[in-house]
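1. After the sequence you'll find the predicted model.
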Amino acid sequence: MLTNRMVTLPTIERALADATMTLRAKSPQTQRTYRTGFRVLTEFLEDSGLTVAKDSTERLPTNCLEQFYLWLIDRHGRRQTSTVNTYMAAARSFLRYLARNDLCLQISLERALEQARAVAVKSVYKAPRIEGNLALVVDFAVGMPLPEPGKGPPDVRLRILRDRALLATTFCTGMRRDEVVGLNRRDVGDGRKAEAIITGKGGKERVVFFDEETLGHIARYVEERNDSFRPLFIRHHGRPTNPGIGGENLRLSAQSLWGTVKRYARAAGIEATTHDFRHYKATTLLNRGANLSEVQDLLGHASPATTKLIYAHYEVGKLRDAFYKYSVSASEAAEAGTGKAGRD
């Protein structure tokens, strides 16, 4: 029996190709990122003495994820955590593919993830520095296997659909926890409205925006709920005995959202909280050209000073461009001063 199993195992190269095919439903950017990560993983395995075109997945070492991380650190350095984490995300995705298809029984996915975490470089700086691959938390939720309708507990399918919509909304909008769970179905038209007016911190109203991807997750979740409850995000644990008026007693709490983000972040191998999504949104907007007042309005800050204090930390590349574009050397300044004095 064991011999037959060994014979049917694919080569590492074949497994990587098959894992790539499972990415077809993901965004083009995610597909490109993971393909690049798979190529780098292949290079590491070849450097480790494996021949991916001939060796089966049984030859993968049990500590391959840990060793891949250390290999990346040796190559890119301790400061290039964004690059390293991107490649590691692809490697974790590959191991998950192997695990759910029983193609690499010698590796425990949980143990492999723990080994990698144990040797990971710990960031010296805390917030507002955030993971550049924070979107992988949402990507992990979207990639969760979804039970077929009518098969297994219906709550499981609904919770997965809800978590996809919940995480996508948190990532897309940059809203606070209380604001996300405070959304009602009519605010987003069950996934048909790309804008919603919400009441945020301090009782102030503002407009928030939803992209098509997020609205798609919301629409699918609400459609499968098959209820008329008012809250957009609710708990799913058996039949509700006391849903309250409009299902208000079932509304998901801010603490539940926090726990959901932490749970999926851990599963994706990323350190993240709900507020990291908010930081990430603001940083992305700033680095792509939005000004501070626009970010203030989009995220609902009380004043521009708050936005500047928390988020005025641009990428090094952007700062470098600004430095060389606007700064003046001492000799240039002296020459300019001399010319002015001569004219006077």
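-> Arrived safely, thanks for sending.
2. How many residues are close by the closest residue to residue 33 other than its chain neighbours?
-> Excluding the flanking residues, the one nearest residue 33 by C-beta to C-beta, 6 or more residues apart in numbering is residue 86, at 6.1 Å. Just so you know, the C-beta spots here come from the backbone N, C-alpha and C atoms, and that holds for glycine as well. Using other C-beta atoms under 10 Å, residue 86 has 19 other residues around it.
3. so what's residue 86 up against?
-> 33, 36, 37, 132, 133 (C-beta atoms under 8 Å, 6 or more residues apart in numbering).
4. Spatially nearest residue to the third one (excluding sequence neighbours)?
-> To tie it back to what came earlier, the one meant is residue 37. Per C-beta to C-beta, 6+ apart, closest to residue 37 is residue 90, 2.2 Å.
5. so which helix or strand takes in that neighbour?
-> Using DSSP states H and E, residue 90 sits in helix 81-100.
6. pretty sure residue 206 is in a strand, no?
-> Yes - remark: residue 206 belongs to a strand, assigned using DSSP: H, G, I helix; E, B strand; the rest coil.
7. Just give the number of residues close to it.
-> Counted with other C-beta under 10 Å, residue 206 comes out at 18.
8. ok, the residue most central in space within the chain - contacts?
-> Nearest to the mean C-alpha position of the chain, by C-alpha atoms, centre = their mean, lies residue 135 at 2.1 Å. Contact analysis of residue 135 by C-beta under 8 Å, 6+ apart lists residue 171.
9. burial of residue 220, as a residue count?
-> Neighbours of residue 220 under the rule other C-beta under 10 Å: 15.
10. In this structure residue 115 contacts residue 68, no?
-> No - counting by C-beta atoms under 8 Å, residue 115 stays clear of residue 68, with 10.4 Å between them.
11. of the two, who's got more company?
-> residue 68 (26 against 18).
12. how far away is that one from residue 271?
-> Separation of residue 68 from residue 271 (C-beta to C-beta, to the nearest Å): 19 Å.
13. what do you get for residue 192?
-> 35 Å.
14. Could you report the pLDDT at residue 78?
-> The model reports residue 78 with a pLDDT of 80.
15. Spatially, what comes nearest to it if we skip its sequence neighbours?
-> residue 121 (5.1 Å).
16. if I pick that neighbour, what's in contact with it?
-> Per C-beta under 8 Å, 6+ apart, neighbours of residue 121: 73, 78, 81, 84.
17. Show me the helices in the stretch 101-250 of the chain, by range?
-> 109-119, 135-142, 154-173, 177-181, 212-225 (DSSP state H, counting those that start in this stretch).
18. so the longest one versus helix 135-142, what angle?
-> Taking axes from the mean of the first three to the mean of the last three C-alpha atoms, to 10 degrees, helix 154-173 and helix 135-142 form an angle of 160 degrees between their directions.
19. average model confidence for helix 154-173?
-> The model assigns helix 154-173 a mean pLDDT of 93.
20. what's the angle between it and helix 212-225?
-> 160 degrees.
21. got a list of contacts for helix 154-173?
-> Residues contacting helix 154-173 (C-beta under 8 Å, 6+ apart): 134-135, 137-138, 141-142, 144, 146-147, 149, 175, 180, 183, 208-211, 213-214, 217-218, 220-221, 224-225, 232-234, 236-238, 252, 257, 260-261, 264, 274, 277, 280-281.
22. What of the last one?
-> Around helix 212-225, the neighbours that count as contacts under C-beta under 8 Å, 6+ apart are 27, 142, 149, 157-158, 161-162, 164-165, 168-169, 171-173, 185, 188, 190-194, 210, 232, 234.
23. For these, which PyMOL command selects only the ones that are buried?
-> With 16 or more other C-beta atoms under 10 Å as the criterion, this PyMOL line picks the buried residues out of those:
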select buried, resi 142+157+158+161+162+164+165+168+169+171+172+173+185+188+190+191+210+232+234
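24. what about residue 110, distance to residue 116?
-> Residue 110 is 11 Å from residue 116, by C-beta to C-beta.
25. Tell me the one among the contacts of residue 121 nearest to residue 63.
-> Comparing those against residue 63 with C-beta to C-beta picks out residue 73 as the nearest, at 14.8 Å.
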